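# the sequence and its predicted three-dimensional model are supplied below.
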Amino acid sequence: MSEKIVILCVDDERNILKTLERFCRNEGFTPHLALSGKDALTIMERTAPIHVVISDYRMPEMNGVELLRRIHEGWPGTVNILLSGYADIPVVSQAISDRYIHAFLTKPWNRTELKDTIYTAIDLLREMPENRPRPEPQ
Amino acid sequence: MALRNIQKRVLVPLTLTFLVLIISFLYSGYQIRQFDAKASLEYRHQAARSLYQTLVDQRLESMRGAAQFIAADQNLQRAMRAGDTDALMELAVPILRRMSLQQDIPLMYFHTVDGKNLLRVHRPFPFPHSMDRFTIRQAMETQRLSQGVELGPLGNFTLRVVYPWHSRGELIGFIELAQDVNRILKNLRDITDIEYILTIQKDLLDREKWEAGRKSLGLDSDWYKLRETVVIDQSIEIENFNMHRVTFSRKDVDTRISFGGRHFRAKNFPLLDAGGKTIGSFILLQDVTEDIDAFGTFTFKIVAFSLLLCSALFVFAFQILGRVDQQMASTRQQLLDQVDRATMANYRLEIEVSERKIAEEKLRRLNENLEERVAERTRRLEEVNRELESSHHKLELAYRELQDKQATILHQDKMACIGLLAAGVAHDINNPIGFVSSNLSELAEYVPRLVRFIQEQEEALRAAGAETDQLNLRRQELQLDFMLEDIDALIEESLEGTERVSNIVQNLRTFSRIDDSEAKITDLHECLDSTINITSHELRYKATVVRDYGDIPPILCRPQQLNQVFMNLLINAAQAIEEQGTVTVRTWTEGGFVHISIADTGCGIKEDVRKKIFEPFFTTKEVGKGTGLGLSIAYDIVKKHKGDIWVESTLGQGTTFTLKLPVGT
């Protein structure tokens, strides 16, 4: 695809979002930011396409895993990356096995690692049947 | 009764003794006195007699002298020779008078050669008869001086001296001088104070003449006063009765008479005439009244005193005895009481003895099976003791185990606390560190672009030929070159800082992580080798690694964790060595445990540090060089494997960490 990658960043901490935004801009991605799962879902509904979702695990009201599950249900073509300083391993493992989390990174993250993961994820994205070339919406 | 008894028994003999003593004393006193008196009387008598004799001799001497004097007179001689009595008388009278007055010689006679009396000077008339007197006779016979006491017909005693008168060498006659002895006796009496009585035997006298003579002398004459004798002279009057007694007393025996309230001792001495014939008695009477009185007083005093003393002693003794008796009575009573008590005690003793015997019998029987019981008890005690010992031993073991476990639990508790804390803060730290790190990375992206723009701008300006002096100056002032050079380092160092924080948090989190890795049977030698490989870059420059592997079986464990432990220990070992040294890795099996020791030849660990070495956050490294968590994590891991880890060290020589892990878990 020639279009820029659109990444939705979800974290209850504004500064994390800001730094992710910088990262996205410096890498040439298009960032969208959400402070909560609720906001994230709203953005998902309003915006298309969203290629990658990076979400923090620990958030009030809705945690990252729950969010990514919903996103996967609603938008199965997104790559979901969980980014967390705190993780409930069994839950995360389960999520990974259930295939609605495609990558898991710990906070603080290594920039290069994050970058690699995203590009790998994008490759993965291209492989997804849901993302096979099809007529693009307007 | 007893009282009287004692008193009678003692006092009576005592009193008798006293009496006997007093009486014997008195008697002996009396006897002594008597003896004394007798002796004294005897003495006095003797003295009187000797004095008498002396006096007599004196008189005789004086008469002799006088006779001599007379004989020497020539006139008298002539007259004598002539036989002229008148002349003699004329001459002699004054002489006689003189003699009578001065010398008390009242009688003077002149005798013829043939012993016939020529003249009696003192009484010439009547013309005397021939005087047949001893003295004259003797003188006549012996023609020598003759002297002596003559008894006259009148019963008077006369002391006569017949002196042979020599004239012109021939005897012409005799001169006789005489005096009455009475005078002497009176003298004697005056001197000696001894009374006398002179008695003459009647058969020597003529009654009538005597009586007449006495009358003529004015003296009384009682011819019949005494039976055989007459008293011719006495210095005191005594009554007939006594007179009898005295005159009849034997020679040498004192007669005691008393009259007129006075007492006399009389002694009878034979009166001898000139011829030595006993003619009468010379009785001396000594007044012993006073002596007797004195003696009487003496006796009385003695008796009185003795009686007094006696009574006093008697009373005293009586009292003493009384007391003694009381004491005795009470003692006796006590004795009786004692006897009673003794009897009672005895009786009781007997009872006791019989009871004792019974008790002894019981005791003996008891003793017999006591030994058995003792033995049994001993056995039981020993058993119990052994049990106690083993329990004790077990308790000790249990206690030690408990202490161990407690230490472990405390440690784990600390770790757990830290873990919880870590878990709590981890997220809160991670987030900010996360975006700081991320931002720094982004900054690292921005910087090269900025630098490139500045450079391109410079080139463009230079190419455009603009005035760059001002700009160059500003460039210097703002230290642009330095900034451009430094900015990369700055960003890198900041990123390093965030990484360290992250590491710490990461390390902390391991405490809260539930064991998520599985245990598997592992060969520890493999773990050790791989860990040595990983740390080789740290070890390479400083230490030589020596492997001393023993025979150890593979054990069930969590190898990643053990690897963490080994890595920690190896890195510590390397860091302990300053310049060059050896790190020795040894393994062996012992007592059901696999032992692994990592020893270094480093600087060693001080005693006080060693104690704290497994504590979390304890580190001797400089700030930034270590978290102080490595060993505490190692400890935690080893303990979770049910093993143990400890350290031995010698300052300046080296340190050895040893851990042991159970073989079959």
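Structure received. It should be emphasised that the depicted structure is a prediction, and the values quoted were computed from it without experimental measurement.
# give me the longest helix you can find in chain A.
Using DSSP state H to define each element, chain A has its longest helix at helix A:111-127.
# phi, psi for the residue positioned nearest the centre of chain A please.
For chain A, the residue nearest the mean C-alpha position is residue A:53 (1.4 Å; CA atoms, centre = their mean). With angles defined as degrees, to the nearest 10, residue A:53 sits at phi -120, psi 120.
# need the contact list for it.
Each residue near residue A:53 by CB atoms under 8 Å, 6 or more residues apart in numbering or on different chains is listed here: A:7-8, A:10, A:40, A:44, A:67-68, A:71, A:78-81. C-beta: built from backbone N, CA, C; applies to glycine.
# could you rerun that using 7 Å?
A:8, A:10, A:68, A:71, A:78, A:80-81 (CB atoms under 7 Å, 6 or more residues apart in numbering or on different chains).
# so which of those belong to helices?
Using DSSP H, the contacts of residue A:53 in helices are A:68, A:71.
# list the helices and strands the host helix or strand of residue B:23 packs on?
Element membership for residue B:23 (DSSP states H and E) is helix B:2-72. Helices and strands touching helix B:2-72, by 3 or more CB pairs under 7 Å, 6 or more residues apart in numbering or on different chains; DSSP states H and E, are strand B:157-167, strand B:170-180, helix B:181-192, strand B:262-272, strand B:278-287, helix B:289-464.
# one step back: please pick the buried ones from the contacts of residue A:53.
A:8, A:10, A:68, A:71, A:78, A:80-81 (16 or more other CB atoms under 10 Å in any protein chain shown).
# any chance of the residues you listed in JSON lines, with pLDDT and distance to chain B too?
Putting the buried ones among the contacts of residue A:53 into JSON lines (pLDDT from 0 to 100; distance: CB to the nearest CB, whole Å) gives the following:
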{"residue": "A:8", "pLDDT": "94", "distance to chain B": "17"}
{"residue": "A:10", "pLDDT": "94", "distance to chain B": "14"}
{"residue": "A:68", "pLDDT": "91", "distance to chain B": "18"}
{"residue": "A:71", "pLDDT": "91", "distance to chain B": "22"}
{"residue": "A:78", "pLDDT": "88", "distance to chain B": "22"}
{"residue": "A:80", "pLDDT": "90", "distance to chain B": "19"}
{"residue": "A:81", "pLDDT": "90", "distance to chain B": "14"}
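# and these, which is closest to residue B:48?
residue A:10 (189.8 Å; CB to CB).
# give me the pLDDT value at residue 23.
In the absence of a named chain, chain A is used. Per-residue pLDDT puts residue A:23 at 90.
# ah, no, chain B please
So, for residue B:23, pLDDT stands at 84.
# what's the neighbour count on it?
Number of residues near residue B:23 (other CB atoms under 10 Å in any protein chain shown) recorded here: 12.
# state the distance from it to residue B:30.
From residue B:23 across to residue B:30, the span is 10 Å (CB to CB, to the nearest Å).
# pull out the buried positions in stretch A:108-124.
A:108-111, A:114, A:117-118, A:121-122.
# does residue B:620 count as helix, strand or coil?
coil (DSSP: H, G, I helix; E, B strand; the rest coil).
# which residue packs closest to it, ignoring adjacent ones?
residue B:609 (6.3 Å; CB to CB, 6 or more residues apart in numbering or on different chains).
# which residues in chain A form helices?
Under DSSP H, chain A gives helices at A:14-27, A:37-46, A:64-74, A:89-97, A:111-127.
# dump the C-alpha coordinates for the last one into CSV.
Think helix A:111-127. Presented in CSV, the C-alpha positions along helix A:111-127 are these (Å, rounded to 0.1, in the frame of the first residue of the first chain):
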residue,chain,number,x,y,z
ARG,A,111,12.5,2.5,20.0
THR,A,112,14.2,0.2,17.5
GLU,A,113,12.3,-2.7,18.8
LEU,A,114,9.1,-0.8,18.6
LYS,A,115,9.9,0.2,15.0
ASP,A,116,10.7,-3.4,14.0
THR,A,117,7.6,-4.7,15.7
ILE,A,118,5.4,-2.2,13.8
TYR,A,119,7.0,-3.0,10.4
THR,A,120,6.7,-6.7,11.1
ALA,A,121,3.1,-6.1,12.1
ILE,A,122,2.5,-4.2,8.9
ASP,A,123,3.9,-7.1,6.9
LEU,A,124,1.6,-9.3,8.9
LEU,A,125,-1.2,-6.9,8.1
ARG,A,126,-0.6,-7.4,4.4
GLU,A,127,-0.9,-11.1,4.9
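# could you check the angle it makes with helix B:289-464?
Here the directions of helix A:111-127 and helix B:289-464 differ by 60 degrees (axes from the mean of the first three to the mean of the last three CA atoms, to 10 degrees).
# again with the fourth one
Between helix A:89-97 and helix B:289-464, the angle comes out at 20 degrees (the same axes, to 10 degrees).
# show me what helix A:89-97 is packed up against.
helix A:64-74.
# please state the offset of the helix it packs on from the chain centre?
In terms of CA atoms, centre = their mean, to the nearest Å, the centre of helix A:64-74 is found 10 Å from the chain centre.
# next, the angle from it to helix A:37-46.
Using the same axes, to 10 degrees: helix A:64-74 against helix A:37-46 is 20 degrees.
# mind checking which of the contacts of residue A:53 land in strands?
Among the contacts of residue A:53, the ones falling in strands (DSSP state E) are A:8, A:10, A:80-81.
# which stretches of chain A have low pLDDT?
Flagging of chain A using pLDDT under 70 yields the residue ranges A:1-2, A:85-90, A:128-138.
# looks like residue A:79 contacts residue A:102 (just checking).
Yes: counting by CB atoms under 7 Å, residue A:102 is a contact partner of residue A:79 at 5.1 Å.
# neighbour count winner among these two?
Shown here are residue A:79 and residue A:102; by other CB under 10 Å, residue A:79 has more neighbours (25 against 22).
# out of everything not next to it in sequence, what's closest to the more buried one?
residue A:121 is the one closest to residue A:79 (CB to CB, 6+ apart), at 3.9 Å.
# how many residues are close by residue B:305?
11.
# distance of it from residue B:29?
13 Å.
# could you dump the contacts of residue A:53 to TSV with distance to residue B:535?
Listed next are those as TSV, based on distance: CB to CB, whole Å:
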residue	distance to residue B:535
A:8	43
A:10	41
A:68	39
A:71	44
A:78	43
A:80	38
A:81	34
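# domain ranges for chain B?
Taking automatic domain parsing as the reference, chain B has its domains at B:1-178, B:194-287, B:517-662.
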